[in-house]
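Asker: Test case, fold it:
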Amino acid sequence: MSLGMEFTILDLMDILSASELGGKAAMVIFSDCDLQQAVNGAAFATFVASGQTCIMGARLIIHKDIYAKFLQLLVAKVAQIRLGDPFDADTQMGPVISGTSRQRISDMVEAAKQQGAKVLVGGNAPIMPTPFDK
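Answerer: Next up, the predicted model:
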């Protein structure tokens with residue numbers, strides 16, 4: 001398999017050591033990847049179980065040559081995720097575990113925005129029906 005670029009052993013060690021930071025998995029996306037498959041994998045890894053798994057895709061390391069296109073495709077995919085009642089067959093992503101978790105996530109989004117982050121999709125806690133609003 002071609003990686004689409006050359007790495008030294010030290011480069012790879014730097015990438016791999018930076019990718020494991022306490023149980024949140026990083027995904028490395030190389031320039032010669034199947035872009036749609038990489039987007040699908042990133043979306044699944046990030047949003048499975050409402051992003052509440054210890055191995056969720058918390059960080060994406062994307063080659064600069066495909067970054068803009070990858071981001072465009074990922075934003076479009078994420079915008080299509082149907083939020084809602086986990087018992088509804090049309091729901092693709094249900095609520096987080098508690099109101100405390102929802103508030104913690106909202107606080108992190110606000111802190112990131114205050115530090116210059118740009119929200120590309122969503123950015124607000126969804127309005128959920130009872131009992132999922134607690």
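Asker: Could you point out the helix or strand that follows the lowest-mean-pLDDT helix or strand in the chain?
Answerer: Here the helix or strand of the chain ranked lowest by mean pLDDT, DSSP states H and E is helix 9-19, holding a mean of 56. With elements assigned by DSSP states H and E, the helix or strand that comes after helix 9-19 is strand 25-29.
Asker: how near is E110 to L71?
Answerer: For E110, the distance to L71 equals 22 Å [C-beta to C-beta, to the nearest Å]. For every residue, glycine as well, the C-beta is placed using N, CA and C.
Asker: Give me the longest helix you can find in this structure.
Answerer: Selection of the longest helix in the chain by residue count, based on DSSP state H, yields helix 99-114.
Asker: Pull the distance from it to the chain's centre.
Answerer: Relative to its chain's centre, helix 99-114 lies at 15 Å (C-alpha atoms, centre = their mean, to the nearest Å).
Asker: repeat for stretch 112-129
Answerer: With C-alpha atoms, centre = their mean, you get 13 Å for stretch 112-129.
Asker: okay, how far is it across it, tip to tip?
Answerer: Stretch 112-129 has an end-to-end distance of 27 Å (C-alpha to C-alpha, to the nearest Å).
Asker: Name the residues that touch that stretch?
Answerer: 71, 75, 78-79, 83-85, 95, 102, 105-106, 109, 133 (C-beta atoms under 8 Å, 6 or more residues apart in numbering).
Asker: Walk me through the domains of the protein.
Answerer: Residue ranges for the domains of the chain, per automatic domain parsing: 1-81, 86-134.
Asker: Please identify the deepest-packed of these.
Answerer: Most buried of these, by mean neighbour count (mean count of other C-beta atoms under 10 Å): domain 1-81, with a mean of 14.
Asker: Point to the residue nearest the middle of this protein.
Answerer: Taking C-alpha atoms, centre = their mean, the centroid of the chain lies closest to T46, which sits 3.7 Å from it.
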